[in-house]
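Undergrad: following is a predicted model, sequence given first.
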Amino acid sequence: MTAEADFGQFRAQFPTTETMVYLNSGSYGLLGNSARAAMEAYLADRIAKGADWGAWVALEEEVRRRMARLLGGDVDEVAVTASASAGINAVASSVDFSTRRKAVVSNYEFPTSAQIWHAQEKRGAQVVHVAEAEDRTIPLAHFDAAIDRDTAIVALSHVCYRHGGKLPADRIREIVRIAHERGALVILDCYQSIGTEQIDVRALGVDFCVGGMLKYLLGSAGSGFLWVRAALTSALAPTTSGWFAQADTNAMDIFAHDPSPSARRFQGGTPPVPSLYAAKAGLDLILDLGVDAIEGRVRALTRLALDRLAEADIAVATPEDDALRGPMIAIPVRDEDAFVAQLFAQNIVTSSRDGNIRAGFHAYNDEADVERFVDALVRSGQCFARREAVG
């Protein structure tokens, strides 16, 4: 079967694509037929059996194994969480700010990440933000200036949720080198990229990696992950915890806290069982098609979109270098919320952030989606010309 036929078959698993130009994967990825079938199977079993804990615990382990494979880590390095926020909170609660006060936070961060680090100010943390340059990239020099011997942790986002700019792998590795030389840990949020390109946590050298299943991993709200470098696990003691973080979840010991020796110590309470059904189905779709194939397809579609936008003299907020952008393109418009609604009325689904409309591409998109989207932008009169100053 040809690659083109593979993508056609992949697209056919998402009924929404039959009626909509869906470019909102950066907010909510589409649910495929397999995810729907899995969630319906959960409901059927829930009604028929009431509870099936053995199957649900086994399902969580299946999700853990798939995430380890996707990230290039070991199974014992993966915590299955309810959200990226839960993972970041668990990490934050394990950081000691009594000797090193600084949390260095990139301005690519989604609000939840920055807000969690600012919440640590009650525990003595000092949050330092790393600003973008005018071209919406973050140069290595900006991190080098911010990270020092008083830095406890550095928080990075692989792809910026506002405009799609990306920290390339070589820059992440250099940031990690600088941080580790100065004694700091590094946490990477890959929510806006995981599922559309290879994320190799070992090659990047990061200490933690967080994300969720809701966007490009084609799952549902309520399921996320945290990867923790194995050598760190025993040295860290998260104070956000629960019975699924214990070494023995069946111990039911109310007189002691005995955290798991694995990354499971970063988990909390009862897992979000319905979401795990969708998570496994989404991960299977990604792994079956192959991340390399998805990466090539998404890059080709975003390149086509950028070329068509340039032909139409429409300004973009996303870096145009292939190495410096993720799966999303952001276009500055005059009234982003109204324009999102206008596009939705044409069965084109986007989202808005920071004065831009965002178009997030996945392997279920095709060239016809690009053409319909760009044509709608051209007709709208809402966009800025490339020569115009855009704030």
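TA: Sure, I can see it. In this text, all values refer to a predicted model and were calculated from it rather than measured experimentally. Numbers count the residues shown, from 1 in each chain.
Undergrad: residue closest to the middle of the chain?
TA: Nearest to the centroid of the C-alpha atoms of the chain, with distances taken as Cα atoms, centre = their mean, sits residue 191, at 0.4 Å.
Undergrad: who's the closest spatial neighbour of that residue, skipping the chain neighbours?
TA: residue 211 (4.2 Å; Cβ to Cβ, 6 or more residues apart in numbering). Every C-beta, even on glycine, is put in place using the N, C-alpha and C of the backbone.
Undergrad: would you say the one you found is within a strand?
TA: Yes. Residue 211 forms part of a strand when assessed by DSSP: H, G, I helix; E, B strand; the rest coil.
Undergrad: pull the contacting residues for it.
TA: If you count contacts by Cβ atoms under 8 Å, 6 or more residues apart in numbering, residue 211 has them with 84, 189, 190, 191, 194, 217, 224, 225.
Undergrad: and which of the residues you listed is nearest to residue 99?
TA: residue 189 (25.0 Å; Cβ to Cβ).
Undergrad: pull the distance from the longest strand anywhere in the chain to the chain's centre.
TA: As assigned by DSSP state E, the longest strand anywhere in the chain is strand 151-157. Centroid separation for strand 151-157 versus its chain: 17 Å, with Cα atoms, centre = their mean, to the nearest Å.
Undergrad: again, but for stretch 357-368
TA: With Cα atoms, centre = their mean, you get 17 Å for stretch 357-368.
Undergrad: stretch 33-44 now?
TA: 24 Å.
Undergrad: so for it, what gets flagged as buried?
TA: Of all the residues in stretch 33-44, those buried under the rule 16 or more other Cβ atoms under 10 Å are 34, 35, 38, 39, 42.
Undergrad: from the contacts of residue 211, pick the one nearest residue 121.
TA: Nearest to residue 121 among the contacts of residue 211, with distances taken as Cβ to Cβ, is residue 189, at 19.7 Å.
Undergrad: report the outermost residue of the protein with respect to its centre.
TA: What lies farthest from the middle of the chain is residue 255; by Cα atoms, centre = their mean that is 37.1 Å.
Undergrad: quick revisit: turn the buried residues of stretch 33-44 into a markdown table, including pLDDT.
TA: Shown next, in a markdown table, are these (pLDDT from 0 to 100):
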| residue | pLDDT |
| --- | --- |
| 34 | 98 |
| 35 | 98 |
| 38 | 98 |
| 39 | 97 |
| 42 | 97 |
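Undergrad: TSV for these, including distance to residue 297 and secondary structure?
TA: Formatted as TSV, the buried residues of stretch 33-44 follow (distance: Cβ to Cβ, whole Å; DSSP: H, G, I helix; E, B strand; the rest coil):
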residue	distance to residue 297	secondary structure
34	19	helix
35	20	helix
38	24	helix
39	26	helix
42	30	helix
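Undergrad: and the two most separated of those?
TA: 34 and 42 (12.8 Å).
Undergrad: please enumerate residues in contact with stretch 85-95?
TA: Residues contacting stretch 85-95 (Cβ under 8 Å, 6+ apart): 79, 81, 103, 112-113, 116-117, 119-120, 125, 152-153, 155, 185, 187, 189, 208, 210, 224-226, 228, 236-240, 266-268.
Undergrad: only whichever of those are buried, select them in PyMOL.
TA: In PyMOL, a selection of the buried entries from the contacts of stretch 85-95 looks like this (16+ other Cβ under 10 Å):
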select buried, resi 79+81+103+112+113+116+117+120+125+152+153+155+185+187+189+208+210+224+225+226+228+236+238+240+266+267+268
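Undergrad: now, the contacts of stretch 85-95 that are in strands?
TA: 79, 81, 103, 152-153, 155, 185, 187, 189, 208, 210, 224-226, 228.
Undergrad: how much space between the residue nearest to residue 191 and residue 377?
TA: Note on residue 211: its distance to residue 377, by Cβ to Cβ, to the nearest Å, is 30 Å.
Undergrad: please apply the same query to residue 268.
TA: 43 Å.
Undergrad: so can I have TSV of the contacts of residue 211 showing distance to residue 170?
TA: Listed next are the contacts of residue 211 as TSV, based on distance: Cβ to Cβ, whole Å:
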residue	distance to residue 170
84	24
189	18
190	16
191	21
194	19
217	25
224	27
225	24
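Undergrad: now do the contacts for residue 372.
TA: Contacts for residue 372 (Cβ under 8 Å, 6+ apart) come out as 21, 348.
Undergrad: what segments of the stretch 151-300 of the chain are helices?
TA: 169-181, 201-204, 230-233, 273-289, 291-311 (DSSP state H, counting those that start in this stretch).
Undergrad: can you tell me which of these is most buried?
TA: Of all the helices of the stretch 151-300 of the chain, helix 273-289 carries the top mean neighbour count, a mean of 22, counting by mean count of other Cβ atoms under 10 Å.
Undergrad: who touches that helix?
TA: Taking Cβ under 8 Å, 6+ apart as the rule, helix 273-289 contacts 6, 10, 13, 29, 31-32, 34-35, 37-39, 41-43, 56, 59-60, 62-63, 66-67, 69-70, 80, 82, 195, 213, 217-223, 294, 363.
Undergrad: which regions of the stretch 251-391 of the chain lie under the pLDDT threshold?
TA: Counting by pLDDT under 70, the stretch 251-391 of the chain has low-confidence residues at 388-391.
Undergrad: at 90 what do you get?
TA: 381-391 (pLDDT under 90).
Undergrad: picking that back up, quick one, which of the helices of the stretch 151-300 of the chain is nearest to residue 387?
TA: Shortest distance between residue 387 and the helices of the stretch 151-300 of the chain, using Cβ to Cβ, is found for helix 291-311: 12.0 Å.
Undergrad: now the angle between helix 273-289 and the closest one, please.
TA: For helix 291-311 against helix 273-289, the angle by axes from the mean of the first three to the mean of the last three Cα atoms, to 10 degrees is 80 degrees.
Undergrad: helix 291-311: how far from the chain's middle?
TA: 19 Å.
Undergrad: circling back to that earlier point, how close does the residue nearest to the centre of the chain get to residue 171?
TA: Taken as Cβ to Cβ, the span from residue 191 to residue 171 is 18 Å.
Undergrad: all set, thanks.
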